[in-house]
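**Student:** Got a predicted model here, sequence first, then my questions.
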Amino acid sequence: MIASRALVLPLVAAITFAVGVSSAQAEPAQPDTSATLARIRDAALKDDWAFQRLADLTDKIGPRLSGSPQAEAAVAQVAAALNVAGLKVTLQPVKVPHWVRGEERGELVEYAGRPAGITQKVQLTALGGSAATPAKGLTLPVLVVHSFAELDARAAEAKGKIVLISVPFNQLLADNGRSGEAYGQAGEPRFRGPAALAKVGAAAALVRSVGGADFRIPHTGATVWDENGSKIPAAAVTAEDALLIERLNAQGPVTMKLTLTPQTLPDADSHNVLGDLVGSEKPDEVVIVSGHLDSWDLATGAIDDGAGVASAMGAVRLLKSLGLQPRRTIRAVAWMNEENGTRGGKAYFEANKNTLSNQFAAIESDSGAGRPLGLLAHITKDSMPLVAPLQKVLGPIGATAFELRDNPIGADISPLQRAGVPGFEPLLDTRSYFNYHHTPADTLDKVDPENIRRQVALLASLAYLLADLPEPLPRLPVNAKDDD
Ligand SMILES: [Zn+2]
């Protein structure tokens, strides 16, 4: 043990998160564990089972929005695959929202300098949960604002208009490896703009598409409505068309004809799919390794989150195929409804909230199919030495950046983390993720099979290490006010 600590500590010391690492509270992995982890990694790098499942999901089923027949076909497909892989499969019931896209058209019908008979078509797509316009559409003046502060200042002007909130995506930030931050900033108008516009009496909400795509494709996603507020038609226009509207608007009033006919149907029955590799000593204690099975409806959800769910399934199946059985159970989970409700994660939490001590740790992969760089961990600082042996194992694939996070990571496993369960997520290269995410271009060809092999190597070795730890993993402080 002393010898293996000596091996581990220089690695830990070399990385930025590892402030104040105390080896007193953590027993690093035994040498034979390191050999097993290396064996797992090497096997993953030769295995395309996960990529083949991703191809099945995207090419044979396609888009998988909650409540759709495709989402149910995906449940059946992955349950069958996990069953064939020899895992113990359970379908966990989840009631999901059922929103269906309709027609969506935008046209600029009045603007300064418009030649007689000429209109300009605008490329747009409804946001998930959008209300509908009348079937014949709305024809109204457009107000353009660039921030919530400007919206506040011009709230009176917004009444009865189609309002575009145009905030650009900071691609430089994304190029510098901070795409999540860029998404958070540019996404704010999408997340809460439509509700704010409904409140001031706007007739419809438009946002500039989030992300770095520059092929005039729209970016959909969920928007958050006030529980007691009204809903209005809400759509994302492409970045190019937001700029067109801004240019014309600078020359005089612009009028748009907007038609959106989505429907919100009654909640539908669906499922999380669970596949267990049952533990040898503590079968009731569970390490979750997961991704989400549902996707937006514009494309086939290859990077969001087919790659994550296929890699998670592939990780557990790989361990099974190698004949490995760690102390605790490793549970592959294909979550339903991450995109527009996270009902799957909430249902799992509800089903397990009285026996949370059995939820040992949770991993979710939901950041695409980029090259793995390392892992993110929402765990106590004292836990870091327990996972440090992985850095050496993941060195050959360049995935040695281990970063500690203060907040829950992974939407579906966040309720578990708020209740004390340690959480993990692969740290992936996401510099180009938001070029495709939630757009019609999120398709299988964007995925490099080598990156899926590497992601499986990371997930499988991390899950095995956690599930076979001799000691418990320290729990996170419980955030009682945030347990939804
Ligand atoms: Zn996702």
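**Tutor:** Thanks, I have it. Residues are numbered from 1 along each chain as shown.
**Student:** Mind checking the pLDDT average for the helix or strand where residue 196 lies?
**Tutor:** Using DSSP states H and E, residue 196 sits in helix 179-199. For helix 179-199, the mean per-residue pLDDT is 97.
**Student:** Now that helix: buried residues?
**Tutor:** Buried positions in helix 179-199, judged by neighbour count with 16 or more other Cβ atoms under 10 Å: 179, 182-183, 186-198. No exception for glycine: its C-beta is placed from N, CA and C like everyone else's.
**Student:** And that helix, what does it pack against?
**Tutor:** helix 148-153, strand 162-165, helix 171-175, strand 204-208, strand 234-237 (3 or more Cβ pairs under 8 Å, 6 or more residues apart in numbering; DSSP states H and E).
**Student:** Now mean pLDDT too, for the ones you listed, in CSV please.
**Tutor:** Output for the helices and strands packed on helix 179-199, formatted as CSV (pLDDT from 0 to 100):
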stretch, mean pLDDT
helix 148-153, 98
strand 162-165, 98
helix 171-175, 96
strand 204-208, 98
strand 234-237, 98
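**Student:** Which of these sits closest to residue 59?
**Tutor:** Smallest distance to residue 59 across the helices and strands packed on helix 179-199 (Cβ to Cβ): 26.3 Å, for strand 234-237.
**Student:** Give me the next element, helix or strand, following that closest one.
**Tutor:** The helix or strand immediately downstream of strand 234-237 is helix 239-249, counting by DSSP H and E.
**Student:** ok now the next helix or strand after that following helix, how far from the chain's centre?
**Tutor:** Remark: after helix 239-249, the chain's next helix or strand is strand 255-260, criterion DSSP H and E. Mean C-alpha position of strand 255-260 versus that of the full chain (Cα atoms, centre = their mean, to the nearest Å) differs by 31 Å.
**Student:** what comes into contact with strand 255-260?
**Tutor:** Strand 255-260 has contacts (Cβ atoms under 8 Å, 6 or more residues apart in numbering) with 102-111, 119, 122, 126, 130-133, 135-142, 162, 204, 206, 233-235, 245.
**Student:** Let's test this: mean pLDDT of the helix or strand just after it, rounded?
**Tutor:** Sequence order places strand 263-277 as the next helix or strand after strand 255-260, per DSSP H and E. For strand 263-277, the mean pLDDT works out to 98.
**Student:** Do a quick rundown of the helices in the stretch 301-450 of the chain.
**Tutor:** Assigned by DSSP state H, counting those that start in this stretch, the helices in the stretch 301-450 of the chain fall at 307-321, 343-352, 384-387, 389-394, 414-418, 449-467.
**Student:** which one of those helices lies closest to the ion?
**Tutor:** helix 307-321 (7.1 Å; Cβ to the ion).
**Student:** Mind checking if the closest one is in reach of the ion?
**Tutor:** No: figure legend: helix 307-321 not in contact with the ion (Cβ under 5 Å from the ion); closest approach 7.1 Å.
**Student:** packing partners for that helix?
**Tutor:** helix 31-44, helix 49-55, helix 69-84, strand 263-277, strand 282-292, strand 328-335, strand 359-364, helix 449-467.
**Student:** in this protein, which ranges drop under the pLDDT threshold?
**Tutor:** Within the chain, the segments meeting pLDDT under 70 span 1-31, 480-484.
**Student:** hmm, back to that, and the contacts of the helix holding residue 196?
**Tutor:** Under Cβ under 8 Å, 6+ apart, the answer for helix 179-199 is 127, 130, 148, 151, 158, 163, 165, 167-171, 173-174, 204-205, 207-208, 210-211, 221-226, 229-232, 234, 236, 367, 430-431, 433-434.
**Student:** quick one: contacts for the residue nearest the centre of the chain?
**Tutor:** With distances taken as Cα atoms, centre = their mean, the residue of the chain nearest its centroid is residue 366 (3.9 Å). Taking Cβ under 8 Å, 6+ apart, we find residue 366 in contact with 291, 292, 304, 305, 308, 338, 410, 411, 412, 425.
**Student:** Check residue 435 too.
**Tutor:** Residue 435 neighbours (Cβ under 8 Å, 6+ apart): 211, 212, 213, 441.
**Student:** same question, residue 335
**Tutor:** 272, 290-294, 309, 342, 344-345, 348, 364, 412.
**Student:** can we see that at 7 Å?
**Tutor:** For residue 335, the contact set (Cβ atoms under 7 Å, 6 or more residues apart in numbering) comprises 272, 290, 292, 293, 344, 345, 412.
**Student:** Kindly report the same for residue 264.
**Tutor:** Contacts of residue 264 (Cβ under 7 Å, 6+ apart): residue 99.
**Student:** So it versus residue 474, what's the distance?
**Tutor:** Note on residue 264: its distance to residue 474, by Cβ to Cβ, to the nearest Å, is 43 Å.
**Student:** ok so, going back, tabulate the helices and strands packed on helix 179-199 (TSV), appending mean neighbour count and distance to residue 40.
**Tutor:** Output for those, formatted as TSV (neighbours: other Cβ atoms under 10 Å; distance: least, Cβ to Cβ, whole Å):
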stretch	mean neighbour count	distance to residue 40
helix 148-153	14	48
strand 162-165	28	47
helix 171-175	16	32
strand 204-208	28	43
strand 234-237	28	41
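**Student:** Could you identify the most distant pair in the buried residues of helix 179-199?
**Tutor:** 179 and 198 (29.2 Å).
**Student:** Leaving aside the residues adjacent along the chain, what's closest to residue 284?
**Tutor:** Distances taken as Cβ to Cβ, 6 or more residues apart in numbering place residue 358 nearest to residue 284, at 5.0 Å, with adjacent residues excluded.
**Student:** same thing with residue 353?
**Tutor:** Closest to residue 353 by Cβ to Cβ, 6+ apart is residue 419, at 7.1 Å.
**Student:** hang on, the earlier thing: between the contacts of residue 335, which is closest to residue 453?
**Tutor:** For the contacts of residue 335, the nearest to residue 453 is residue 290 (18.7 Å; Cβ to Cβ).
**Student:** Quick check: the residue lying closest to that closest one once chain neighbours are set aside vs residue 254, distance?
**Tutor:** Among residues not flanking residue 290 along the chain, residue 333 sits closest, at 3.8 Å (Cβ to Cβ, 6+ apart). Per Cβ to Cβ, residue 333 is found 47 Å from residue 254.
**Student:** and if you look at residue 393?
**Tutor:** From residue 393 to residue 254 the distance is 58 Å (Cβ to Cβ).
**Student:** and residue 253, how many neighbours?
**Tutor:** Using other Cβ atoms under 10 Å, residue 253 has 12 other residues around it.
**Student:** Which strand residues bridge the nearest residue to it once chain neighbours are set aside?
**Tutor:** Distance criterion Cβ to Cβ, 6+ apart; nearest residue to residue 253, sequence neighbours excluded, is residue 141 at 5.7 Å. Going by DSSP bridges, residue 141 is paired in beta bridges with residue 255.
**Student:** and residue 141, what does it touch?
**Tutor:** Residue 141 touches 161, 253, 254, 255, counting by Cβ under 7 Å, 6+ apart.
**Student:** how does the protein divide up, domain by domain?
**Tutor:** 2-97+266-482, 102-261 (automatic domain parsing).
**Student:** what's the most buried one of those?
**Tutor:** domain 2-97+266-482 (a mean of 21; mean count of other Cβ atoms under 10 Å).
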